[in-house]
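*Asks:* make a model of this:
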Amino acid sequence: MWEEKKLERKTSKSNGLTVSSLFSGIGGLDLGFVYSGYDVQWANDLDKNAVQIYKANVSSKIVEGDITEMYDEVPQSDVLIGGFPCQPFSLMGKQKGFDDDRGTLFFTIQQIIELHEEKPKILVLENVKNLLTHDKGKTFKKMKGILEKLGYVVHAKILDTKDFGLPQTRRRVFVVAFRHDYFGDYAFNYEYPEGKQLDETVYDILDEDVDKKYFISEKMLPTILSSGSGGYYSKSEIDLDIARPLTATMHKMHRANQDNYYRDEKNRSRFEDTTERPISSVRRLTPNECRKLQGFPSDWKYVVSDTQLYRQFGNAVSVNVSYAVAQSINRFLKDGGYDFNK
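*Replies:* Reported below is the predicted structural model:
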């Protein structure tokens, strides 16, 4: 059962396992494993802003570059992890799957697995929940078949951030696979972490002092609160106890049927109106609140613009969930008598 509510940085005894991280972003998936005693020896991302944030807050062991051009630089490791690009399979995108160039990055993962004679013992891959049902399930069936041919026993389950101590609805599929030639049939015994009932809301993590720039102008408010236009309708709601999924495009301030907005009379009362831009009492989430909703630690350094912070937090894996997954793998190894520190 998941017991952690608020995660800060954790120092755990090494479990003796090395990790290579792909599509690392700002390190949401990586931190969960670091907190659980894994040694992330190499990480990679194409986005220079993500790399800058990762270096300032996680580790200098990240390399900026296109993994399709440098896949042969990935070192041999015990564990291979990665939240590979989700847009080809996302309900928010065009769902082109393998017809999208980003969708073919799964085959780059395949190349990396095949790179060394000693394949990773464990794989952990994260993506949007729609991966499991994309193209009537054919996409995931193909991925699973490839991993099985590579010798892995493959598990897949959708985990929701709100079940792991963070008031955000964020359903993501976590694929956890174990090399059958190493673990034998014990590989079938892996169990995902169990969540627990959420005991806090977004209101418990909202910032005390919020800058005027985060408030919506009176002129913009009707558009933000609109439930759609033309033939499209989706109910707009604000002041949700559990936030909608943070997105990589939330800096664009979509309607309230997609992004998160809150009334904040307390902070609004601190500001004077201007004739040019009268502001409402409704505001968007601050980057710092997005950090908290994704489980990143309170000592996080902000080294890029607000726009980039929104993008990177929106793209990130929730740290609480990655930590729970890493801990569940540790339990699996311990119960099976695997000690990599010997």
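*Asks:* do you have the strands of the stretch 101-250 of the chain handy? List them.
*Replies:* 122-128, 152-160, 171-179, 215-217 (DSSP state E, counting those that start in this stretch).
*Asks:* other SSEs contacting the second one?
*Replies:* Yep, that's strand 152-160 we're talking about. If contacts are counted by 3 or more CB pairs under 8 Å, 6 or more residues apart in numbering; DSSP states H and E, strand 152-160 sits against helix 138-149, strand 171-179, helix 180-183, helix 319-335. C-beta here means a position set from N, CA and C on the backbone, and glycine is covered the same way.
*Asks:* recalculate using a threshold of 10 Å.
*Replies:* Applying 3 or more CB pairs under 10 Å, 6 or more residues apart in numbering; DSSP states H and E, one finds that strand 152-160 contacts strand 122-128, helix 138-149, strand 171-179, helix 180-183, helix 319-335.
*Asks:* packing partners for the shortest one?
*Replies:* Looking back up the chat, that one is helix 180-183. Going by 3+ CB pairs under 10 Å, 6+ apart, helix 180-183 lies up against strand 152-160.
*Asks:* where in this structure is pLDDT low?
*Replies:* 1-6, 86-103, 228-232 (pLDDT under 70).
*Asks:* the domain parsing of it - what is it?
*Replies:* 18-199+316-335, 202-313 (automatic domain parsing).
*Asks:* looking at those domains, which one is packed in the most?
*Replies:* Of these, the one with the most neighbours on average (mean count of other CB atoms under 10 Å) is domain 18-199+316-335, at a mean of 19.
*Asks:* ok so, going back, so which of the helices and strands packed on strand 152-160 comes closest to residue 165?
*Replies:* Closest to residue 165 of these, according to CB to CB: helix 319-335, at 5.1 Å.
*Asks:* looking at the helices and strands packed on strand 152-160, which is nearest to residue 261?
*Replies:* strand 171-179 (21.3 Å).
*Asks:* give me the angle between the closest one and helix 319-335.
*Replies:* Relative orientation of strand 171-179 and helix 319-335, computed by axes from the mean of the first three to the mean of the last three CA atoms, to 10 degrees: 30 degrees.
*Asks:* related to what we said a few turns ago, adding distance to residue 7, write the domains of the chain out as JSON lines.
*Replies:* Below are those laid out as JSON lines (distance: least, CB to CB, whole Å):
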{"stretch": "domain 18-199+316-335", "distance to residue 7": "6"}
{"stretch": "domain 202-313", "distance to residue 7": "5"}
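*Asks:* follow-up on the earlier one: kindly reformat the strands of the stretch 101-250 of the chain as a markdown table containing distance to residue 186.
*Replies:* As requested, these are exported to a markdown table (distance: least, CB to CB, whole Å):
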| stretch | distance to residue 186 |
| --- | --- |
| strand 122-128 | 13 |
| strand 152-160 | 9 |
| strand 171-179 | 8 |
| strand 215-217 | 54 |
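*Asks:* who wins for proximity to residue 75 among those strands?
*Replies:* Smallest distance to residue 75 across the strands of the stretch 101-250 of the chain (CB to CB): 15.4 Å, for strand 122-128.
*Asks:* those helices in the stretch 201-342 of the chain, which residues are they?
*Replies:* Ranges of helices in the stretch 201-342 of the chain, per DSSP state H, counting those that start in this stretch, are 221-225, 265-268, 287-293, 306-315, 319-335.
*Asks:* out of these, flag the one nearest residue 195.
*Replies:* Among those, helix 319-335 sits nearest to residue 195 (CB to CB), with 7.9 Å.
*Asks:* isn't residue 288 right up against residue 210?
*Replies:* Yes: contact criterion CB atoms under 10 Å: residue 288 and residue 210 qualify, at 9.2 Å.
*Asks:* rewinding a little: nearest to residue 9, out of the domains of the chain?
*Replies:* Closest to residue 9 of the domains of the chain is domain 202-313 (CB to CB; 4.9 Å).
*Asks:* for residue 57, find the nearest of the strands of the stretch 101-250 of the chain.
*Replies:* Closest approach to residue 57 among the strands of the stretch 101-250 of the chain (CB to CB): strand 122-128, 19.2 Å.
*Asks:* return the distance of the closest one from the chain's centre.
*Replies:* Relative to the centre of its chain, strand 122-128 is centred 11 Å away, using CA atoms, centre = their mean, to the nearest Å.
*Asks:* wait, which of the helices and strands packed on strand 152-160 is closest to residue 15?
*Replies:* Among the helices and strands packed on strand 152-160, the nearest to residue 15 by CB to CB is helix 319-335 (6.1 Å).
*Asks:* residue 45 contacts residue 23, doesn't it?
*Replies:* Yes: under the contact definition of CB under 10 Å, residue 45 touches residue 23, with a separation of 6.4 Å.
*Asks:* shared neighbours of the two, anything?
*Replies:* 67, 82, 315 (CB atoms under 10 Å, 6 or more residues apart in numbering).
*Asks:* please convert the residues you listed to JSON lines, extending it with distance to residue 172.
*Replies:* Below are the shared contacts of residue 45 and residue 23 laid out as JSON lines (distance: CB to CB, whole Å):
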{"residue": "67", "distance to residue 172": "20"}
{"residue": "82", "distance to residue 172": "13"}
{"residue": "315", "distance to residue 172": "12"}
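*Asks:* among those residues, which one lies nearest to residue 73?
*Replies:* residue 67 (8.9 Å).
*Asks:* list the contacts for the closest one?
*Replies:* 22-23, 44-46, 73-74, 82, 84, 105, 108-109, 111-112.
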